[in-house]
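A.B. asks: Quick one: sequence and predicted model below, then my questions.
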Amino acid sequence: MADVVGYSRQMEHDEAGTVRRLQSMRQEVVEPQTLRSRGRIVDTAGDGWLAEFSSVTDAVRSSLAIQDAMQARNADLPRDDRFEIRIGINLGEVVCEGNSIFGTGVNVAARLEALAEPGGICISGAVHDQLQGLPDVACDDLGEQKVKNIARPVHCYAIRVGPHRRMQATSDPQRAAPSASIAVLPFANLSNDPDQDYFADGMVEDITTALSRFRQLFVIARNSTFVYKGRSVDVREVARELGVRYVLEGSVRRAGERVRLTAQLIDASTGGHLWAERFDGDLADIFDLQDRITEKVVGAIEPQMRRAEIERARRKRPESLQAYDHFLRALPHVYAMRAEDNARALDLFRETMELDPHFMPAAAYAAWCHEQRVGRGWTATPHEDVDEATRLAHRVLKSDTEDENAIAIAGFSLLRLGRDYDMAIFALRRATELNPNNAFVAMNAGWGQVFAGDLDRALEDFERARDLSPSDPTAFYVLTGLGMAHALQGRLEEAVALASTSAALYGDWDATYSVLVFANAQLGRLDEARAALARLLQLLPGLTVSAYGELARFRDPARLAMVQRGLRLAGLPE
């Protein structure tokens with residue numbers, strides 16, 4: 001059983017808009033996710049619905065996918081326009097009359113739904129007993145609950161939803177946060193020019209990266225903290241959601257060549273401010289200002305950290321501040337994953353390299369832009385892009401840079417283009433050694449192992465990426481990677497569940513549908529495989545089995561053959 005929290009209040013505020021949003025949610029999230037998990041919607045009443053499934057696993061997978069999709073839909077909406085769903089799941093016998101179902105089993109599910117938190121899932125003990133051994137489902141024990149019209153108490157559990165569901169369950173999420181764990185929230189841009197947002201964002205990214213180099217610190221990745229950008233947030237709630245003890249927040253004001261950074265460090269376990277300080281300087285001092293903030297944070301959290309570690313945390317700075325400015329402007333475009341943004345990012349990276357030929361992050365990201373152009377069909381001259389990406393990647397890896405992002409991107413680009421697997425894997429391992437706390441590196445390392453290495457290690461890398469970036473808007477990259485690794489190891493049910501969740505979060509990445517076609521076809525679910533193939537062909541028109549081999553550069557021919565076999569079964573032409 002499920003319903004929408006606060007639906008009546010929203011109807012009073014905007015009846016027509018609320019009804020439209022409800023219909024859209026059902027058509028785009030609830031119905032597809034229920035069908036994907038082989039369930040059926042039995043009844044809808046107002047803002048709620050009743051669904052039945054043939055297995056507990058299917059019901060739970062469907063519910064988690066729905067809640068994940070709703071979190072993604074709500075991320076950019078005003079609070080008053082968000083739909084938060086409560087779901088209750090029970091296992092029991094039912095009475096069938098026509099297409100409807102009745103009985104105590106249904107009544108208990110309804111009571112469990114009422115006990116669920118907004119955005120949460122509450123299950124009975126009977127359901128919980130069937131979930132043992134599922135590594136990605138964690139539960140909090142709510143004990144026995146007396147529920148209306150049910151004679152005996154019901155033992156209830158709350159399933160962890162969203163970024164924390166793989167963490168060890170506990171009745172107090174805040175206590176689970178490592179003692180030295182921190183999230184750096186987006187800094188407010190106090191400049192008169194809103195176009196300076198990129199500069200404030202760049203400061204946060206650099207400070208986050210500097211902190212993540214301290215192995216004693218557990219640092220939440222930038223992508224997860226940026227979901228809070230532009231939102232008025234409760235720091236304690238943010239810390240609970242991200243699983244950290246400390247939160248760093250601040251602001252940036254840039255006026256001409258002058259820069260003012262303010263920062264405050266908060267202990268979320270008490271709500272107390274450990275310190276707050278203002279840092280003023282010229283633009284030429286920007287790296288020194290960043291380092292001073294980093295040292296303050298480290299000193300407050302882990303006083304025993306040695307000065308040498310602070311020195312090791314400093315990257316090689318660009319020689320030209322104008323080059324650095326161009327680099328920061330390019331980053332939002334390269335992460336946008338659209339053809340026009342890719343072209344703009346590539347132009348800015350080229351300008352960065354002209355201003356400072358020795359700044360290797362720009363060369364690495366430029367190589368990644370060329371790889372994206374090839375992999376997503378954005379270029380009319382793929383051979384030229386392959387050659388340029390290869391040249392730039394080798395240039396980065398032959399330099400003396402210790403920037404882990406640059407090294408990881410260069411290695412990933414070589415690997416994806418089928419050039420020098422050994423050097424690519426070495427680069428990804430080197431980047432991981434430089435900074436084990438970098439979620440972006442871990443995600444790239446996972447994909448590297450899928451295409452050219454050890455699948456067990458790929459799973460470890462992906463799981464580390466999920467832990468380091470629990471609220472990542474680009475989580476679909478990791479989910480699809482996990483799905484592919486599981487599928488190649490024969491765990492097809494897990495692969496379908498992971499890829500389905502990935503598709504619900506972001507429906508335009510072709511790799512996700514490759515996993516769904518391959519895994520469903522191997523399971524004999526040809527209707528589902530063909531549906532996924534239809535979407536894959538929308539994203540990659542003209543794809544053939546042989547062309548897939550050029551796009552997915554598996555080092556091991558056996559892995560490629562496994563995927564291609566599934567594509568053939570679904571009807572992809574040779």
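C.D. replies: Looks like it arrived, so ask away.

A.B. asks: Now the residue nearest the centre of the chain. Nearest residue, chain neighbours left out?
C.D. replies: The residue lying closest to the centre of the chain (Cα atoms, centre = their mean) is Ala475, at 2.0 Å. Spatially, and ignoring its direct neighbours in sequence, Ala475 is nearest to Leu505 (6.1 Å; Cβ to Cβ, 6 or more residues apart in numbering). (Each C-beta comes from the backbone N, C-alpha and C, glycine too.)

A.B. asks: Tell me the spacing between that neighbour and Tyr228.
C.D. replies: Distance of Leu505 to Tyr228, computed by Cβ to Cβ, to the nearest Å: 18 Å.

A.B. asks: Which one's more surrounded, the two?
C.D. replies: Ranked by neighbour count (other Cβ atoms under 10 Å), Leu505 and Tyr228 place Leu505 first, with 23 against 20.

A.B. asks: can you count the residues close to Glu340?
C.D. replies: A total of 10 residues lie near Glu340 under the criterion other Cβ under 10 Å.

A.B. asks: Assess the claim that His13 and Pro78 are in contact.
C.D. replies: No: taking contacts as Cβ atoms under 8 Å, His13 lies outside contact range of Pro78: 11.2 Å.

A.B. asks: Neighbour count for these two, which is higher?
C.D. replies: His13 (12 against 8).

A.B. asks: Could you find the closest non-adjacent residue to the more buried one?
C.D. replies: Closest to His13 by Cβ to Cβ, 6+ apart is Asp80, at 6.7 Å.

A.B. asks: Which strands and helices lie in contact with the helix or strand hosting Arg61?
C.D. replies: Using DSSP states H and E, Arg61 falls within helix 56-74. Helix 56-74 sits against helix 31-36, strand 84-89, strand 121-124, helix 125-130, strand 154-159, helix 492-505, with contacts defined as 3 or more Cβ pairs under 8 Å, 6 or more residues apart in numbering; DSSP states H and E.

A.B. asks: which one of the ones you listed lies closest to Met1?
C.D. replies: Met1 sits nearest to strand 84-89 of all the helices and strands packed on helix 56-74, at 4.9 Å, using Cβ to Cβ.

A.B. asks: what is the mean pLDDT for that closest one?
C.D. replies: Average pLDDT, strand 84-89: 92.

A.B. asks: number of nearby residues for the residue nearest to His13?
C.D. replies: Asp80 has 10 neighbours, counted by other Cβ under 10 Å.

A.B. asks: any idea how far Asp14 is from it?
C.D. replies: Counting by Cβ to Cβ, the gap from Asp80 to Asp14 is 9 Å.

A.B. asks: Repeat that for Glu277.
C.D. replies: Taking Cβ to Cβ, one finds Glu277 at 44 Å from Asp14.

A.B. asks: same check, this time on Phe440
C.D. replies: In terms of Cβ to Cβ, Phe440 sits 39 Å off from Asp14.

A.B. asks: In terms of packing, which of the two has more residues around it?
C.D. replies: Legend: neighbour count by other Cβ under 10 Å for Phe440 and Asp14, higher for Phe440 (24 against 13).

A.B. asks: for the residue nearest to Ala475, what are its contacts?
C.D. replies: 68-69, 72, 475-476, 479 (Cβ atoms under 8 Å, 6 or more residues apart in numbering).

A.B. asks: Identify the residue nearest Ala239 in space, chain neighbours excluded?
C.D. replies: Ala268 (3.3 Å).

A.B. asks: How many residues are close by the one you found?
C.D. replies: Neighbours around Ala268, by other Cβ under 10 Å: 23.
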